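Chemist: Attaching a predicted model along with its sequence, questions to come.
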Amino acid sequence: QVQLVESGGGLVQAGGSLKLSCADSGRTSKNYAMAWLRQAPGKEREFVAGISWSGSTTFYANFVRGRFTISRDDAENTVFLQMNSLSPEDTAVYYCAAGDALDYGVGYAYWGQGTQVTVSS
């Protein structure tokens, strides 16, 4: 069973970088597409980036393309989100998710608890 735990969130100044990690303690996530989504206060959860089960295909929301990079290390059952050029608008709780296929929405079967990212101006 997929069991996702995010880490790496924190407080960073605008223009800075953070790298989020999502570890699957169930060690089955290599069979699933993986994604990062986020939810800012008062807003709906939104898709940020996704990667296919093979790692050969990645998708990004327009607002992060060129700044964020998603990657996966199946040997370590971990998915990463490298975030550069952060702005206060990126402040949100970031969630890791897994599913049978990439979805630009929130249609994933498995979710982590989330990690807070706060970008100060």
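Modeler: Arrived safely.
Chemist: Need the residue closest to the centroid of the protein.
Modeler: W36 (2.4 Å; CA atoms, centre = their mean).
Chemist: Does it lie in a helix or a strand, and which?
Modeler: Using DSSP states H and E, W36 maps to strand 33-39.
Chemist: Sheet-wise, list the partners of that strand with their directions.
Modeler: strand 46-51 (antiparallel), strand 92-99 (antiparallel) (DSSP bridges).
Chemist: what would those strands look like in a markdown table with mean neighbour count?
Modeler: To be clear about C-beta, it is placed using only N, CA and C from the backbone, and glycine gets the same treatment. Shown next, in a markdown table, are these (neighbours: other CB atoms under 10 Å):
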| stretch | mean neighbour count |
| --- | --- |
| strand 46-51 | 22 |
| strand 92-99 | 23 |
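Chemist: can you put the ones you listed in TSV and add mean pLDDT and distance to L86?
Modeler: TSV is the format used below for the strands paired with strand 33-39 (pLDDT from 0 to 100; distance: least, CB to CB, whole Å):
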stretch	mean pLDDT	distance to L86
strand 46-51	96	12
strand 92-99	96	11
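Chemist: Could you dump those into JSON lines with distance to M83 added?
Modeler: JSON lines is the format used below for the strands paired with strand 33-39 (distance: least, CB to CB, whole Å):
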{"stretch": "strand 46-51", "distance to M83": "9"}
{"stretch": "strand 92-99", "distance to M83": "9"}
